[in-house]
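Asker: Please find the sequence and the predicted model below.
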Amino acid sequence: MSVSIQIKNLVKSYEKADALQDISLDIKPNELFGFIGPDGAGKTTLFRILTSLILADSGTVTIDQWDVVKNYKDIRKMTGYMPGRISLYMDLTVEENLQFYARLFGTNIKENYDLIEDVYEQIAPFKNRRAGALSGGMRQKLALSCALIHKPRLLVLDEPTTGVDAVSRKEFWELLKKMQKRDITILVSTPYMDEAALCDRVALMQSGKLLSLDTPQKIIDDFDGTLLAVKTEKMYSLLHDLSSFENETRVYRFGETLHLVSHAESRETEEKIKIFLTGKGYRDILIRQITPAIEDCFLALMNNMTDS
Amino acid sequence: MSNREKIIEVQNLVKKFGNFEANKNLTFNVYRGEIFGFLGANGAGKTTAIKILCGLSKPTSGSVHVAGINVNKHPEAVKKRIGYMSQFFSLYNDMTVKENFRFYGGVYGLGKKEIRDRTLFFLEKLNMRSYENMLLKNIPLGWKQKLAFSVASIHKPDIIFLDEPTGGVDPITRRQFWEMIYEASDNGTTVFVTTHYMDEAEYCERVCIMSEGEIKALGRPRDLKTEYQADNINDIFLKIARNVE
């Protein structure tokens, strides 16, 4: 049975920084919930409080009826945690690592094999290889197997896909979707904005604050203004030149185009930009209105935070 | 393109570890001032190839010239002409910003005055003059990355190797870092970069995609997209790069 989580007014400061500044949010049973943000956003601090590994300065977290501080023993039994810095024993083989984690929780591989099968079968051919000799993607899958071996009701994954290539990242998310079907609540953090679309709901975080919390679709629907993608034959100087279009236009590189937010009627803006760029000697100017991605939303929200 | 000066020339490069062939007959050139994206899944053989280009590892066979120098014969000479920055940048956390510059300037054999001038040049460019005496461990990640890039350029290298330089930072900082890359390239420095962010691959002049120790695709992003009938590099990457153990 998956759990629900209530986070209320969570505050945590370190010597140098306010890691969490009054964070409140609820997570529903069996949700696949994403915390999206760069280093220093507070994701790891939040996860460590949720898993009873550190104490908050103030605020509370309850997981179902359990308080993470008072009932830490219960919390640890029902939680599977995969820290950002993977805690595998590099000198132990794949299978030995799994046995070790199973035994820590008083179980064995056989008893819960059913749950980890989808993940583990992908690394089972290398079960006699030492964890230290595995590739990044494989290591990640072993760590996930170890976090699942005691049949947790809550799975907390801290940046499981950081530094992993695009192919392995895709496979990893497919596995998470499968795990979700086993009635587990899953919290996952990531710096990759494109992964937000794969979550039921996401919290966009920056410097210990929530920028936004909703379904990925709703966050995109709430984007303020229209987004234009601009492309010309010459791209390098375009960013610089386009930044001087009207007052304080914010322009960002996005793959092969530049993205620009317009708050005026967009047809009119498109025409103005065309004239502006033609005047500066650009040719083959392509401008089209596009649907924002989560990264566009994140950039806009970051700017709002700095402005206010 | 063919008239441009070749700054990296790799011919039939093979690297074996026992029976395992990490690089299978790689042949490619990189031109002066180019931003060259080097992509591939974990385990595709990227790191092996980069180590050889930097003179840290010897090829089993094949010829590799970097900045006109035969890397196999003169690995030390090559190291003076290149800069290197990785995701675990090698700045010293318990030294100040200025001391890090001084240390690396010394490693590359720069004179006192030159070190001072170059340090000042970068600190002004980054708007970090007032932080020169701050310990590196107190500097935020995004700034550290920019400093690491500057320190790797202190000796005005011909080529700078960036191994996943932008991990973990926010989308604005990530883009600021790319502006630095463009600027370096504009000044004639060749930038050889690996990344897991596929949108960044689009910022490169040409990209090379490796899989199973071989080059599977090499070309300008827009030409590759036409060739593979894909909307973006990510789709091409998913098509050709596979996890191989």
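Answerer: On my side now, so go ahead. Numbering: from 1, shown residues only, chains lettered A, B, ... in the order given.
Asker: what's near enough to touch B:Glu65?
Answerer: Small correction: residue B:65 is His, not Glu. B:Lys6, B:Ile8, B:Glu9, B:Val10, B:Val71 (C-beta atoms under 8 Å, 6 or more residues apart in numbering or on different chains). C-beta: built from backbone N, CA, C; applies to glycine.
Asker: hmm, 10 Å instead?
Answerer: Shown in contact with B:His65 (C-beta atoms under 10 Å, 6 or more residues apart in numbering or on different chains): B:Lys6, B:Ile7, B:Ile8, B:Glu9, B:Val10, B:Gln11, B:Asn29, B:Leu53, B:Val71, B:Asn72, B:Val78.
Asker: doesn't B:Phe192 make contact with the second one?
Answerer: Spelled out, that is B:Ile7. Yes: with contacts counted by C-beta atoms under 10 Å, B:Ile7 reaches B:Phe192, the gap being 9.3 Å.
Asker: Overlap of the contact sets of those two?
Answerer: B:Val30, B:Glu34, B:Phe36, B:Val66, B:Ile82, B:Ile159.
Asker: what two of the residues you listed are the furthest from one another?
Answerer: With distances taken as C-beta to C-beta, the most widely separated pair in these is B:Glu34 and B:Ile82, at 14.4 Å.
Asker: quick one on the thing from earlier: in strands, which of the shared contacts of B:Ile7 and B:Phe192 appear?
Answerer: If you go by DSSP state E, the shared contacts of B:Ile7 and B:Phe192 have B:Val30, B:Phe36, B:Val66, B:Ile82, B:Ile159 in strands.
Asker: how much space between the fourth one and chain A?
Answerer: Separation of B:Ile82 from chain A (C-beta to the nearest C-beta, to the nearest Å): 23 Å.
Asker: Bridged to that residue, which residues?
Answerer: Residues in a beta bridge with B:Ile82, per DSSP bridges, are B:Ile159.
Asker: neighbours around it, how many?
Answerer: Neighbour count for B:Ile82, taken as other C-beta atoms under 10 Å in any protein chain shown: 24.
Asker: Would you confirm that it contacts B:Ala152?
Answerer: Yes: when contacts are counted by C-beta under 10 Å, B:Ile82 is listed as touching B:Ala152 (8.9 Å).
Asker: dump the residue contacts of B:Met95.
Answerer: So B:Met95 contacts B:Phe101, B:Arg102, B:Phe103, B:Leu135, B:Leu136, B:Lys137 (C-beta under 10 Å, 6+ apart).
Asker: Kindly reformat the residues you listed as a markdown table containing neighbour count, pLDDT and secondary structure.
Answerer: Shown next, in a markdown table, are the contacts of B:Met95 (neighbours: other C-beta atoms under 10 Å in any protein chain shown; pLDDT from 0 to 100; DSSP: H, G, I helix; E, B strand; the rest coil):
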| residue | neighbour count | pLDDT | secondary structure |
| --- | --- | --- | --- |
| B:Phe101 | 26 | 97 | helix |
| B:Arg102 | 19 | 97 | helix |
| B:Phe103 | 16 | 96 | helix |
| B:Leu135 | 15 | 95 | strand |
| B:Leu136 | 20 | 94 | helix |
| B:Lys137 | 12 | 91 | helix |
